[in-house]
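Undergrad: Take this sequence and fold it.
(chains A, B and C)
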Amino acid sequence: MPGLGASFGRGAMTNHFIDMKNADVIVIMGSNFAENHPVGFQWVMEAVEKNNALLIHVDPRFTRTSAVAHKHVPMRSGSDIAFLGGMINHLLAGGKIDRDYVANYTNAPFIISDKYAFNEGVFSGLDAEKRSYNPESWQYEKGPDGKPKLDPTLKHPRSVFQLLKAHYSRYDIETVVKITGTRKEDVLFVYDAMASTSVPDRSGFFAYAMGWTQHSNGVQHIRTAAMIQLLLGNMGVPGGGINALRGHANVQGATDLAVLFHDLPGYLGLPAQGAHANLKEYLDKGPKAGFWVNRPAFVVSLLKAWYGDAARKENDFCFDYLPKSKGEHSFQQAFNVMAQGKIKGAVCLGQNPMGAGPNAGQMFAGLSKLDWLVSVDFFVNETAEFWKSNPTGGLGHKADPAAIKAEVFVFPAATVVEKSGSFTNSGRWIQWHEQGSKSPGDAKTDAVFTIRLGRELKKLYAGSAEKKDRPILDMTWDYGEKEEEIPARVLKEINGYAVKDVLKDGKAVVKAGEQLPSFIFMRDDGSTAGGCWIYTGVFAKENKAASRKADKPGEGIGSNLGWSFAWPANRRILYNRASADLSGKPRSDRKKVIWWDAGAVNPDGKKGKWAGLDVPDFGATMAPDAKPSDKGLFVGIGGMHPFIMNPEGRGRLFAAALKDGPFPEHYEPVETPVDNVLSKQKSSPVAKIYKSDKNPIGTPDKYPYVLTTYRLTEHHLAGAMTRNLPWLAELMPNLFFEISKELASELGIKPGEMCTISSARGAIKAQACVTDRLKPMTIAGRKVHEIGLPWHWGFKGIAVGDVANTLVASVGDPNVFIQESKALLCDVKKGG
Amino acid sequence: MDVSRRNFLKLAGAVSAGSALGGLSMARPIHAYAKDLPTKGAKEVPTLCPYCAVGCGQIAHVRDGKLVNLEGDASHPISRGRLCSKGAATYQMTVNDRRLTKVLYRAPGASEWQEKPYDWALQEVAKRFKATRDATFVEKDGGALVNRCDGIAWIGSACTDNEECYLFAKLARSAGIVSLEHQARL
Amino acid sequence: MPKLAMFVDVTKCVGCRACTVACKQWNKLPMDKTHFTGSYQNLPDLTPTTYRLVTFKEEPFGGSVSWHLLSHSCFHCNDAPCVKACPVPGAMTQSADKGYVAVDRKKCIGCKYCVTACPWGIPKYESKSEVVAKCTFCAERVENNLTTACAKSCPTGAIAFGDRDGLLAAAKKRVEASKKIFPKAQIYGPGAYGGKGTNVFYLLKEEPSFYGLPPEPVASAALGLWKDVLRPLTGWGIGATVIGALIHYLAKGPADYEEKGEGHGRS
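TA: So this is what the prediction gives:
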């Protein structure tokens, strides 16, 4: 998640589930933690019960999470940044920040270019036509030595600290209340609760999920929380951090391994047309300081893993084989291009766009234009059967098979219990699962499907003299004949191995053919191969993902270093160097993680190393007083710089890396019933709005109510994995929507009654859940009603119903292109 | 005599006027339930919950290659044996009459599925994959070497193993595919 | 007093219904057909194939709302009315040491006396198999030193299983802590039947009647009458019962749940 990446250096959950027990204050916002991650939630309950933690749920709806929280604080969907921006103002105005932490570990003292400006909701550098910013004016001001200028007193008017103060001074409590609709005393309750963690002895965390991400400025939601945690000194400590709660079993792993258009495994970035003509250019454009200076070794190791002997220094290690992106190829964009007839074939494995994709009409338009479609799943899902009319569930799904030319192949898949392999959980733990039962009939694992498809392609291309076919022919693809051994073989390749002896100071530190124990042994000369550097160490001598040595229950901070393997390098709390002060002593005995042990003797005879309750997220022997060096593994990083992935070694309160501004700013959603109280700029000037005849944008005169979509405990995503299971179909049989008693009474809607919900994109039928758990709010003097709609249903399965995504617009965040399904406009009518 | 439940009750009622029913059922240990567990003799295999990303441990009880029971792994430090309603239902994802066990094929314009052999289908898919790739491949764009296959999308998945994701990326990128996505943007 | 118990702490319940599904999974119970009628609960009551149900009830609370989520099932009473009411020897019995009350489906004749007798209406009669079904306290798990399926699964620890005295002590501690937020918080169950109590007990946030639970669970008046007053007078009634059961057995065979249930096993 770039919101975290731009702030701290890595886009992943910073702490982990068990660590939540160490918190003193817990703010769940943008997440329905208890419903969507109930078993992880036990660690929140543990903090409440054993650590006397305060539990707050900030959410438009009163959910099953709110039911056990000390306080539920309602707010309007799409107003989170106003809420959190107000918290920044409250902390700064009241001096409730961890000042030493801010001065030493964040970029607060850095001076920003005098060209930087912010006016009426717009940052300097906007090209309004192209809906994009030029971030040139957002850079650090540099001194004569070419290094950023700092003011340790934080008083310089263009220091990040002063700019921050000025920017958020606009977010006073009255303004926040006007935008969010939350009662003033409730807002202040949350602010003061978090403020109580500004002392080193206390910590608190934010837990978020899609309630923050699914907005046209979703990334900035997370950024705001990241900034608060830096101001409070809550990063790198037990019970602190930003805990991103992932919704799929392996959404973290699939992201790490780059099943994403813009990336290569380990966040190396897919080369782009026009920017990266050759390997040198691709590597030179990488970071010049911070741990990312080692990127060339990671890139070359990846190319060696993929193309084996064909990857040689003289041919740029087959860099040319990699496709070069041309602009955006995101999920939403792909379906737009598909509907234009330019994407003709699609392979869908373990995914169901017809139910899960925003703007179902757009999904259908795309699928209808395909020549062929492959679906690999346990059940026939909505995507596989998009061509068939299914009148079940509300309005159902209409299609004319005769008019749809796509050939469709559905392959039966093996379930998790039928295969071995690893998942990476939300807390970055790579965990192994063994194969249990045998798959029925022709059901096979996705690995077997993919390997066999690759083999068939190699056969079809065999003998080709065309350059374009070399990548397929040269791709290493020998994973043996025993299907049950494939996963372990692949994990070994992901971990990496020495192709030749790996040398350090002329001595072989890893012998040819051996597995790499750590990514620090990766080389850019072709002597190492490895598919995903951040995973290196998971399978060195043994498969550590399968390691099952848990800590004694209740003991310590819950690191469980002997259970599975957490990337990177088995670190459990990221940025844990920040738990110690400049001299390396724990900042608080209660919140200690690692500390500098000056007397420890290292294998090389030198003295001093980081010791503690976790693997240091730092140079293991880099002394606290070490000066930044321009060589080695940590270029530019000194012993006092906890955020090793950032070139400046500090957490960023001001971040130039995002597409929509260096500071988060409140904008209204693309569809909103109200004006922006804070500026003339109503919605984000750079929000992505996909052009398509399937994507009209609605206005409040026709669609007066705010709609937010959400998930339920009893179902999963688009529902194929749950609506086909009798026990779960029983618990949640029908599509419903939540409506306040006030609005239901205005519209004459009775509990359970079938209603029609419409947006500018389409209409669906759903039954009314009339409830006190949603309340109308007063926003800028106007009464605003909000509707809640779970999105799990579709037309295949035991429990069937209309596809909620029919209503959602093709609108995206400019950084990650996620859709705005948490805040849009709708109308509701009695009757179906 | 038809000894239905109703008749029995009439009989009992007539005989004892509803007075002495159940005289023998005094509290005492019962032995009917002290029987073997249905999981007796089954292999216990550690596996993981396939739903959200908490990463809960599960134990699969497997007998003769068949799943007979699936519950939480009590030794797992995060989940401590616990599962939510989805996790607790995982057994039914595997043991389910609705599961696909054969390849299904739908011809252009057809209104029904046909069952097909796996190998045939895989070869046919490979042929179409190659044909589409060859027809839509962009080797150079504006003079720059881009090696891009614009005509195929690979969608998924955050529900598959790391090893599988790695294979998807390796094959898709080697084929030149740029429209490679999983659910992270949804 | 039996040694084992379950303690349900409603202040910790998030209504995820893992308990319901874990129970169905272990017992391989089929789905019940449900329809949305306005609440998350969907299933109105326990059924012969749903032994554990979470009820959902919303109430305004201090300017906000309170969502009362209650996972309920058989209370496994000491001096259980269902055991008293059951006319067939061994069909509804209690384990003296472990405390659970269980139906032996092979012996049950489906007379429904237990259904009438239970103050909570827990046992449910299944017309197809003509027997009564309810929570078994996972007797076979408990007898093999395992936790009940529902308690093991409960994500937040709202259902605890274990030593009865230990759980009672824990409940007393929890009730004091809960009273700060919920002034009417109370323990429900251990005081029932003049102190004989139940082996599944609850920490409730509100009065029992709020959840539709009888404040003082008592067996039906008729049951008390024939059980405690008339039974000593009529020894020969026993014989009739046993004969009746035997006739039922000969005519219909053992009530076999697996074979006669509707759509059992997987579907």
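Undergrad: The host helix or strand of B:L104 pairs with which strands?
TA: According to DSSP states H and E, B:L104 maps onto strand B:103-106. Looking at strand B:103-106 with DSSP bridges, its partner strands are strand A:407-412 (antiparallel), strand B:114-116 (antiparallel).
Undergrad: Not counting sequence-adjacent ones, nearest residue to B:N69?
TA: Leaving aside its sequence neighbours, B:N69 sits nearest to B:H61 (C-beta to C-beta, 6 or more residues apart in numbering or on different chains; 4.0 Å). To be clear about C-beta, it is placed using only N, CA and C from the backbone, and glycine gets the same treatment.
Undergrad: That neighbour should be in a helix, yeah?
TA: No - read with DSSP: H, G, I helix; E, B strand; the rest coil, B:H61 is strand and lies in no helix.
Undergrad: what's the distance between it and A:E418?
TA: Counting by C-beta to C-beta, to the nearest Å, the gap from B:H61 to A:E418 is 14 Å.
Undergrad: Same check on C:Y51?
TA: From C:Y51 across to A:E418, the span is 29 Å (C-beta to C-beta).
Undergrad: picking up where we left off before, which other residues reach the strand holding B:L104?
TA: Residues outside strand B:103-106 that contact it (C-beta atoms under 8 Å, 6 or more residues apart in numbering or on different chains) are A:380, A:384, A:387, A:406-412, A:442, B:112-118, B:120-121.
Undergrad: Also stretch A:695-703?
TA: A:359, A:362, A:670-673, A:689, A:758-761, A:809-811, A:824-827.
Undergrad: Pull up the per-residue confidence for the residue nearest to B:K86 when sequence neighbours are not counted.
TA: In this structure, B:K86 finds its nearest non-sequential neighbour in B:Y51, 4.5 Å apart by C-beta to C-beta, 6+ apart. With respect to pLDDT, B:Y51 has a value of 98.
Undergrad: Quickly list the domain ranges of the chain.
TA: Picking chain A for this. Domain segmentation of chain A under automatic domain parsing yields A:1-109+A:179-247+A:569-621, A:331-421+A:439-468, A:688-830.
Undergrad: wait, I meant chain B there
TA: Split into domains by automatic domain parsing, chain B comes to B:43-94, B:103-185.
Undergrad: so which helix or strand takes in whichever residue of chain C sits closest to chain A?
TA: Relative to chain A, the nearest point of chain C is C:G38 (3.1 Å; C-beta to the nearest C-beta). Counting by DSSP H and E, there is no helix or strand that carries C:G38.
Undergrad: quick one: it and A:A744 touch, right?
TA: No - the criterion here is C-beta atoms under 8 Å, and C:G38 misses it with A:A744 at 10.4 Å.
Undergrad: which SS state does B:E124 fall under?
TA: For B:E124, the assignment made with three-state DSSP gives helix.
Undergrad: Not counting sequence-adjacent ones, nearest residue to it?
TA: Closest residue in space to B:E124, ignoring its immediate chain neighbours: A:F409 at 7.1 Å, by C-beta to C-beta, 6+ apart.
Undergrad: Then A:L743?
TA: A:L743 sits nearest to A:H785 (C-beta to C-beta, 6+ apart), 4.6 Å away.
Undergrad: I'd guessed the one you found sits against A:E738; true?
TA: No - using C-beta under 8 Å, A:H785 makes no contact with A:E738, being 11.3 Å away.
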